[in-house]
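1. Give the three-dimensional model of this entry:
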Amino acid sequence: MSKEAVNKFLQNVTEDSKLQEELTKALKGDNHKQAATNLAAKHGYKFTDDELWAELQERQSQFEQRQADGALNEEELEAVSGGFTPWLIAAFGGIVGAAAAK
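-> Model (predicted):
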């Protein structure tokens, strides 16, 4: 059930600009994982930081693979051609990458 909760939260983030703003603010703190999980809990989603981060790493990996394969959808292609990845990947991507490098 927690993977489902993570996916619902991430979907909500992509659709709700106010939640995007809240998440962006939360991610500026020191403990990114906990801040994102706390924000999700505030909105009624229950999962651990590790469950969230595992899903984000999987999504980032899938995005990078589709990009390498030339299989991005129209929205993703427009975002990449503009010099950035879709908001969700961009918001978490650097943090996921930094966490993986540790």
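
2. Going by contacts, tell me the helices and strands next to the longest helix seen in the chain.
-> With DSSP state H setting the assignment, residue counts place helix 49-69 as the longest helix in the chain. Where contact means 3 or more CB pairs under 8 Å, 6 or more residues apart in numbering; DSSP states H and E, helix 49-69 is packed against helix 2-15, helix 32-42, helix 74-81, helix 87-101. C-beta: built from backbone N, CA, C; applies to glycine.

3. tell me which residues of the helix or strand following the first one are tucked away?
-> Put plainly, it is helix 2-15. Using DSSP states H and E, the helix or strand that follows helix 2-15 in sequence is helix 17-26. Neighbour counts over helix 17-26 (16 or more other CB atoms under 10 Å) mark 19, 20, 22, 23, 26 as buried.

4. try stretch 25-44
-> 26, 27, 32, 33, 35, 36, 37, 39, 40.

5. Ends of that stretch, what's the gap?
-> One end of stretch 25-44 to the other measures 19 Å (CA to CA, to the nearest Å).

6. what's the answer for stretch 10-23, then?
-> 11 Å.

7. Quick check: mean pLDDT of that stretch?
-> In this model, stretch 10-23 carries a mean pLDDT of 86.

8. how about the nearest residue to residue 12, chain neighbours excluded?
-> residue 19 (6.0 Å; CB to CB, 6 or more residues apart in numbering).

9. ditto for residue 51
-> residue 2 (4.9 Å).

10. can you tell me which residues contact that neighbour?
-> 46, 47, 48, 51 (CB atoms under 8 Å, 6 or more residues apart in numbering).

11. Just the buried ones out of those residues, please.
-> By 16+ other CB under 10 Å, those give residue 47 as buried.

12. right, and out of the contacts of residue 2, which lies closest to residue 13?
-> residue 47 (13.3 Å; CB to CB).
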